[in-house]
Structures are given as structure tokens and as C-alpha cells.
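Asks: 3D, please:
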Amino acid sequence: MIEGAEAYSNDEADSVAGISVVDDKTVQFTTAYPTGLFLFQATNSILPKHVLGEVAPDALENQSFFLEDPLGSGPFKFVEYQTDQFIRVEAKDDWHWGAPKLGSCIMQIVASPDVGQIALERGEAHFNAWGGLNTGSTEVVQSFIDNADFKVVATTGVVFTAYSFDLRRGFFADKRVRQAWLHALDRKKIIEVFQGGNGTIYNSPLIHGWSIPDDLNPYDYDADLARSLLEEAGWDFDQEVTVNLITLRSEEARAQVAAEKQMLEEVGFRIKIEEMDSSVWVERFYDTHDFDAVRVGFGSFPDPDGFLKFHLTTQGRNATGYSEAIGGDFEEKVIEAGQLTDQAARQEI
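Replies: Residues are numbered from 1 along each chain as shown. Below is the predicted model:
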């Protein structure tokens, strides 16, 4: 989106026309078109020239600097990283917004929810962040809620669990088949039974409030409607659908998937669940498109444009083949919406 960036990337220019140094602490960017997405999409970290200035761009990600001796502008300075064990940082007394109140912090890398639970209960850890208990059972979380020695804070998540289909597979081409899939799942019951009631149902991969139309089909649970949709679509009830999953990490998660499988089979789908390592899952989904359907947690983006371009257009990964399946001016509309600054106009698109 920066003026002259494409020419620079294509080796047609020695510098980026739209980047200029104003003074020692100010850089000015000129975009090639009006956009409200600049701050979302131009957020690469500022890198220290005296450390990485001579490193070729394509060699940056392999530099030991990022793991063994990182340097940043935050309130703490890196001290030590022990592989798969912990990261230690210490306060910067001369930080530009004042020294932090903590003198040091050790971030332990927790191998399992059980280890995180025990460390907290024994007082060996003071705070649990992402990756500790969030893969544990709802009973474990509830035990900390009930324990007066702990304060549990709930926040809205940024990951949503969804099924996604390879629309290159002919049997998913008819949208009634995909609609039947959603009507077959009693999502309210799933959230209540397996997530302790903690969850929000969305009917679009765009979960940003301003971007969601008011008149979306709610796809309420309706097994009879799901069966009739499959019949109308001429679904082959002998067709087996393989659903790829990244290896599940708890019996609770496995029980939820089993319940969803049963719901889908009750309306006429034949489901085969296949668990695999994340690296295999990623290759089959993004690279070889070797899947019928997947069930996975997708991360949200700060703006809908990120999800649309990354997942659903040919300029992104386009794992599902959605762009080709929907056709028309879909991609042109996505690009147009990303080049508008008026949110109401973007919302309409």
C-alpha cells in the first residue's frame, strides 16, 4: 500500500518513494491510495540497525538475535532464554516512560495444563497467561474461580472454532450442503455442555461487530431442515467426508468433537475424523489442499480485510478455493473495501 513499494520489491527502484525521513525521530509514509488499514498492516517491529543493518532481508528470520539476544524499546530488557524452560527479563531503570514497578519477570514455558495448575496452586507461579490453563478442562478453570486465593479474569477471545470446506470438492459445491452442515450442529448445546456456557455464536468468519449485517441467517439447530436440504441438493448419503483436525489435547475436546460428529451423522453425513500434527495439517490445508473439511481454531484479524485477503482470495492462501467458487466481482470488492477510509462504505461492501 506504500507508494513505490511494489517497484522496490520488484527491483525496479533503489528506494521506496513513499518513505521519507523527516528528522531523527520521524518517518513519513505516503500511501499509494487512501486506506484506513495502514496502522493494522504496517506494524513490523522497528529493528536495530547497529545489529541487523547488514543482514539481507531474506536472512532476517534466521538470525539468532530474535531468540538469543533480542533488543527492544519496551520497559524490560532481555536477560536469558533457556530453551523450552523460561525467559527472564529485567526492568529498564531508564525506560522513557519511567521504570516499571516489577524489578524482573520470569516467564515459564508450561508443558501442560496440569503443570500450570500445580505451579499456581503451590505458589510457584504468580500469574497464568496464554498457553497455561486454557487447554485444561472447564472444571480446572472453575476450581480457580472458586478459590478465594486467586483472581480469574475473563476476556473475549480472538480465536473462533469453525468448520471449513474445500470447495474444489464437487460434493461441497452446492451451498445447501454447507447450510445443512450448520443446521445439524446444536451450537448452543455444545457451548453449554463443553465450554461451561462461555462462547459466542457467529454466522460469519467476520467477527468484528461493525462489519456484521443485521439480517444474517442465524442457522439455528434444525436437524429436520438439515436433512431436507441434503435431499434437495441430491446429496449422496454414502459419501464419506474426512475432517482434518490438529491433534486434540484433552479428553474434553475429544468428547466435544465426538458429539459434533454424532450430530452431523444424525442428519445423513458420514464423517471420518482424522487427527494429525499441526505441520501436517497446515501442509494439507494451505499447500496441497488434501482435505474434505477441517475443524480448527482460526485467529481473528484486527480488521476484516485481513481475514478476507488471507483466507478467501487468490492473492492470499485461498485454502478453501472460495474465491473461484463464488466468482463474480468478489475479489474486486474485497480490494475496493480495503482502499476506502469511510467505515460505512466499507460495511456496505
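Asks: Leu206 and Ala337, how far apart?
Replies: Remark: distance between Leu206 and Ala337 (Cβ to Cβ, to the nearest Å) = 11 Å. For the C-beta atoms, the positions are set from N, CA and C on the backbone; glycine is no exception.
Asks: so what's in contact with the two at the same time?
Replies: With contacts defined as Cβ atoms under 8 Å, 6 or more residues apart in numbering, the residues adjacent to both Leu206 and Ala337 are Pro304, Leu308.
Asks: which one's more surrounded, those two?
Replies: Each of Leu206 and Ala337 had its neighbours counted (other Cβ atoms under 10 Å), and the higher figure belongs to Ala337 (21 against 18).
Asks: what's the per-residue pLDDT of Gly136 here?
Replies: You'll see Gly136 listed with a pLDDT of 59.
Asks: can you give me the helices for the stretch 101-250 of the chain?
Replies: Across the stretch 101-250 of the chain, reading from the start of the chain, the helices by DSSP state H, counting those that start in this stretch fall at 113-121, 138-146, 175-184, 187-194, 223-232.
Asks: dump those helices to a markdown table, plus mean neighbour count and distance to Asp238.
Replies: Below are the helices of the stretch 101-250 of the chain laid out as a markdown table (neighbours: other Cβ atoms under 10 Å; distance: least, Cβ to Cβ, whole Å):
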| stretch | mean neighbour count | distance to Asp238 |
| --- | --- | --- |
| helix 113-121 | 17 | 40 |
| helix 138-146 | 13 | 37 |
| helix 175-184 | 20 | 14 |
| helix 187-194 | 16 | 27 |
| helix 223-232 | 17 | 12 |
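Asks: who's in contact with the nearest residue to Gly199 once chain neighbours are set aside?
Replies: The spatially closest residue to Gly199, leaving aside those adjacent along the chain, is Ile191, at 3.8 Å (Cβ to Cβ, 6 or more residues apart in numbering). Residues in contact with Ile191 (Cβ under 8 Å, 6+ apart) are Gly197, Asn198, Gly199, Ile201.
Asks: which helix or strand in this structure has the lowest average pLDDT?
Replies: Here the helix or strand of the chain ranked lowest by mean pLDDT, DSSP states H and E is helix 38-41, holding a mean of 80.
Asks: low-confidence ranges, this structure, go.
Replies: Within the chain, the ranges that satisfy pLDDT under 70 run 130-136.
Asks: would you map out the domains in the protein?
Replies: Using automatic domain parsing, the domain parsing of the chain gives 68-146, 159-300.
Asks: minimum distance to Asp23: which of these has it?
Replies: Closest of those to Asp23 is domain 68-146, at 17.2 Å (criterion: Cβ to Cβ).
Asks: re earlier: can I get the contacts of Ile191 in TSV with neighbour count?
Replies: What follows is the contacts of Ile191, written out as TSV (neighbours: other Cβ atoms under 10 Å):
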residue	neighbour count
Gly197	10
Asn198	12
Gly199	16
Ile201	13
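Asks: tell me where the stretch 51-200 of the chain has strands.
Replies: All strands of the stretch 51-200 of the chain, identified by DSSP state E, counting those that start in this stretch, fall at 76-82, 86-91, 104-108, 159-165.
Asks: could I get those strands in a markdown table, plus columns for distance to Asn318 and mean neighbour count?
Replies: Listed next are these as a markdown table, based on distance: least, Cβ to Cβ, whole Å; neighbours: other Cβ atoms under 10 Å:
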| stretch | distance to Asn318 | mean neighbour count |
| --- | --- | --- |
| strand 76-82 | 36 | 14 |
| strand 86-91 | 36 | 16 |
| strand 104-108 | 36 | 14 |
| strand 159-165 | 12 | 16 |
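Asks: tell me the span between the first and last residue of stretch 16-27.
Replies: 12 Å (Cα to Cα, to the nearest Å).
Asks: my bad, should have said stretch 66-86
Replies: 15 Å.
Asks: can you list contacts of that stretch?
Replies: Contact partners of stretch 66-86, identified using Cβ under 8 Å, 6+ apart, comprise 45-46, 48, 51, 65, 87-92, 95-97, 99-100, 104-109, 111.
Asks: need phi/psi at Val294.
Replies: phi -130, psi 150 (degrees, to the nearest 10).
Asks: beta partners for it?
Replies: In this entry, Val294 is beta-bridged to Ser164, Asn244, by DSSP bridges.
Asks: wait, Phe330 touches Ser323, no?
Replies: Yes: using Cβ atoms under 8 Å, Phe330 makes contact with Ser323 at a distance of 6.1 Å.
Asks: higher neighbour count, these two?
Replies: For Phe330 versus Ser323, the count of surrounding residues by other Cβ under 10 Å is larger for Ser323: 20 against 16.
Asks: could you say which helix or strand contains that one?
Replies: Taking DSSP states H and E as the definition, one finds Ser323 inside helix 322-326.
Asks: now tell me what touches that helix from outside.
Replies: For helix 322-326, contacts defined as Cβ under 8 Å, 6+ apart pick out Leu167, Arg168, Ala173, His311, Leu312, Thr313, Thr314, Phe330, Glu331.
Asks: repeat for stretch 162-169
Replies: Around stretch 162-169, the neighbours that count as contacts under Cβ under 8 Å, 6+ apart are 172-173, 178, 181, 205, 243, 289, 291-296, 298, 319-322, 324-325.
Asks: having no further points to raise, I will conclude here.
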